[in-house]
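Engineer: One predicted model, sequence on top.
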Amino acid sequence: MDDGGASLQAQMRAIGRAAHVAAATLRLADAASRTRAIVAMAEAVRADAAEILAANARDVADAEASGMAPAMIDRLLLDAARVEAMAKGLETVAAIPDPLGGELDRWDRPNGLDIARVRTPIGVIAIIYESRPNVTADAAALCIRSGNAAILRGGSECLASNLAIHAAVAKGLAAAGLPQTAVQIVRTADRAAVGLILGGLEGAVDLIIPRGGKSLVARVKAEARAPVLGHLEGINHVFLHASADLEKAIAITVNAKLRRVSVCGAAETLLVDSADAQRLLPPVAEALGEAGCELRGDARARSLVPGMAEATQEDWGREYLAPIMSVAVVDGVDGAAAHIAAHGSAHTDAIVAEDAIAAERFAVLVDSAIVLINASTQFADGGEFGFGAEIGIATDRLHARGPVGAEQLTTYKYVVRGTGQTRP
């Protein structure tokens with residue numbers, strides 16, 4: 001290893017050791033101290049808005065010069081409204097009930113033992129993410145709310161933005177008397193730092209959360225030597241059941257696809273019930289087209305909307321992150337569920353239906369982290385769930401699914417109280 005590699009390895013080991021020590025401090029810090037830290041972070045973000053926006057402008061200029069796709073630039077871009085939304089998100093996290101110390105369950109045994117399951121922090125959480133600088137603030141707040149130390153490694157395309165936001169986070173921690181090492185950020189774009197994090201930093205890392213594209217998540221899952229909370233791409237579906245109200249179908253589908261095409265909750269495939277596709281599909285397709293969305297359909301969809309482009313097999317499992325939507329006509333709820341099982345990513349899927357029995361059957365059959373009935377997939381967001389913010393949408397089945405907020409960043413221990421019992 002050259003001197004640069006040895007130096008990076010030493011830096012990352014130091015980050016891991018400092019995070020481990022800070023995690024022990026946070027585990028014992030009271031809820032009020034952690035709340036003060038998050039509120040102070042919000043105040044610092046507002047006070048440092050000019051510096052954050054200037055740093056972001058440099059990142060965006062570099063991204064545009066490199067030819068980054070518009071959808072990815074939208075993820076990267078900050079403006080005054082988004083900075084204010086970041087600050088408000090921090091305040092919302094500060095206001096949510098503190099998850100630590102709460103009893104999840106408690107019971108007595110016949111031998112007199114009193115057993116309680118109590119919520120505790122995980123320890124040190126490493127978050128590896130791409131493009132979205134707001135994740136720096138969200139992850140910091142959620143980890144502090146849940147009593148965890150954080151090691152943040154953002155994408156090289158938003159390094160300047162992340163460093164500016166992290167500076168505000170550090171001010172908030174200092175203002176509350178908590179160690180600034182409770183939230184550390186990797187200050188280099190060197191990709192070798194990711195490999196060192198995946199190695200666990202000599203046992204310092206308790207959980208790794210990747211938030212990014214398929215290649216990032218695949219690498220993390222393949223190489224990580226610590227537990228991983230996975231966040232796959234959002235290959236999300238809207239299914240229009242034969243009983244769907246047409247106005248709702250149009251409004252929900254257009255919003256699900258086009259409100260923001262670059263978010264993981266954007267719908268990528270429209271499924272339409274063959275039992276009433278002739279009523280539903282042409283007006284919904286017209287509304288999408290008028291809003292600037294390109295449609296790519298199967299044979300049955302194209303027979304109802306002749307101008308629609310032909311979908312390839314790759315279209316069914318593709319996260320476009322662009323104003324493009326694949327369209328398939330399926331046979332009822334079972335057909336929709338089968339299509340989703342074959343091509344979806346277990347992220348977010350929605351049904352539009354007035355038939356309550358059909359809607360509930362869809363909710364049972366579709367095994368995604370989030371299933372919506374008569375609502376847009378764009379509600380796949382921790383803020384919309386009342387979590388204040390999220391680190392991501394977990395698509396694995398353990399230990400959390402859906403939006404990952406403060407409560408999902410905890411584990412538990414058992415506290416057993418006795419009166420002198422011994423086991424025979």
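Structural biologist: Received it, and whenever you're ready, just let me know what you need.

Engineer: Enumerate the positions of stretch 35-48 that are buried.
Structural biologist: Neighbour counts using 16 or more other CB atoms under 10 Å place 35-46, 48 of stretch 35-48 among the buried residues. C-beta: built from backbone N, CA, C; applies to glycine.

Engineer: Tabulate those (CSV), appending distance to Leu90 and secondary structure.
Structural biologist: Formatted as CSV, the buried residues of stretch 35-48 follow (distance: CB to CB, whole Å; DSSP: H, G, I helix; E, B strand; the rest coil):
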residue, distance to Leu90, secondary structure
Thr35, 11, helix
Arg36, 12, helix
Ala37, 10, helix
Ile38, 6, helix
Val39, 8, helix
Ala40, 9, helix
Met41, 5, helix
Ala42, 4, helix
Glu43, 9, helix
Ala44, 9, helix
Val45, 7, helix
Arg46, 10, helix
Asp48, 13, coil
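
Engineer: Quick one: those residues as TSV, columns for distance to Leu246 and pLDDT too.
Structural biologist: What follows is those, written out as TSV (distance: CB to CB, whole Å; pLDDT from 0 to 100):
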residue	distance to Leu246	pLDDT
Thr35	47	98
Arg36	51	98
Ala37	50	98
Ile38	44	98
Val39	46	98
Ala40	50	98
Met41	46	98
Ala42	43	98
Glu43	48	98
Ala44	49	98
Val45	43	98
Arg46	44	98
Asp48	48	98
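
Engineer: Same list, the residues you listed, but as CSV with distance to Ala350 please.
Structural biologist: Listed next are the buried residues of stretch 35-48 as CSV, based on distance: CB to CB, whole Å:
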residue, distance to Ala350
Thr35, 35
Arg36, 39
Ala37, 37
Ile38, 32
Val39, 35
Ala40, 38
Met41, 34
Ala42, 32
Glu43, 38
Ala44, 38
Val45, 33
Arg46, 35
Asp48, 38
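
Engineer: Which pair of those spans the longest distance?
Structural biologist: Using CB to CB, the two most remote members of those are Thr35 and Asp48, lying 20.4 Å apart.

Engineer: Nearest to Gly203 among the buried residues of stretch 35-48?
Structural biologist: Closest to Gly203, out of all of these and judged by CB to CB, is Ala37, at 26.2 Å.

Engineer: Quick check: phi and psi on the closest residue in space to that closest one that isn't next to it in sequence?
Structural biologist: Nearest non-adjacent residue to Ala37, counting by CB to CB, 6 or more residues apart in numbering: Ala176, 3.6 Å away. Main-chain torsions, Ala176, degrees, to the nearest 10: phi -100, psi 0.

Engineer: Hmm, Asp30 and Ala176 touching each other?
Structural biologist: No: checked against CB atoms under 8 Å, the pair Ala176 and Asp30 is beyond contact range at 10.6 Å.

Engineer: Can you pick out the residue with more neighbours from those two?
Structural biologist: Ala176 (20 against 11; other CB atoms under 10 Å).

Engineer: quick one, what contacts that one?
Structural biologist: Shown in contact with Ala176 (CB atoms under 8 Å, 6 or more residues apart in numbering): Ser33, Arg34, Arg36, Ala37, Ala40.

Engineer: Now with 6 Å, please.
Structural biologist: Ser33, Arg36, Ala37, Ala40 (CB atoms under 6 Å, 6 or more residues apart in numbering).

Engineer: could you show me where the strands are in the stretch 151-300 of the chain, in order?
Structural biologist: 183-185, 207-211, 236-240, 267-273, 294-297 (DSSP state E, counting those that start in this stretch).

Engineer: so which of these comes closest to Glu360?
Structural biologist: strand 236-240 (13.5 Å).

Engineer: mind checking the longest helix of the protein?
Structural biologist: Identified as the longest helix of the chain according to DSSP state H is helix 3-28.

Engineer: Give me the helices and strands touching it, please.
Structural biologist: strand 124-129, strand 149-153 (3 or more CB pairs under 6 Å, 6 or more residues apart in numbering; DSSP states H and E).

Engineer: among the ones you listed, which is nearest His343?
Structural biologist: strand 124-129 (25.5 Å).

Engineer: coming back round to it: got the strands of the stretch 151-300 of the chain as TSV, with mean neighbour count columns?
Structural biologist: Converted to TSV, these look like this (neighbours: other CB atoms under 10 Å):
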stretch	mean neighbour count
strand 183-185	26
strand 207-211	25
strand 236-240	28
strand 267-273	28
strand 294-297	20
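
Engineer: Rebuild those as JSON lines, extending it with distance to His339 and mean pLDDT.
Structural biologist: What follows is these, written out as JSON lines (distance: least, CB to CB, whole Å; pLDDT from 0 to 100):
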{"stretch": "strand 183-185", "distance to His339": "41", "mean pLDDT": "98"}
{"stretch": "strand 207-211", "distance to His339": "27", "mean pLDDT": "92"}
{"stretch": "strand 236-240", "distance to His339": "7", "mean pLDDT": "98"}
{"stretch": "strand 267-273", "distance to His339": "6", "mean pLDDT": "98"}
{"stretch": "strand 294-297", "distance to His339": "13", "mean pLDDT": "98"}
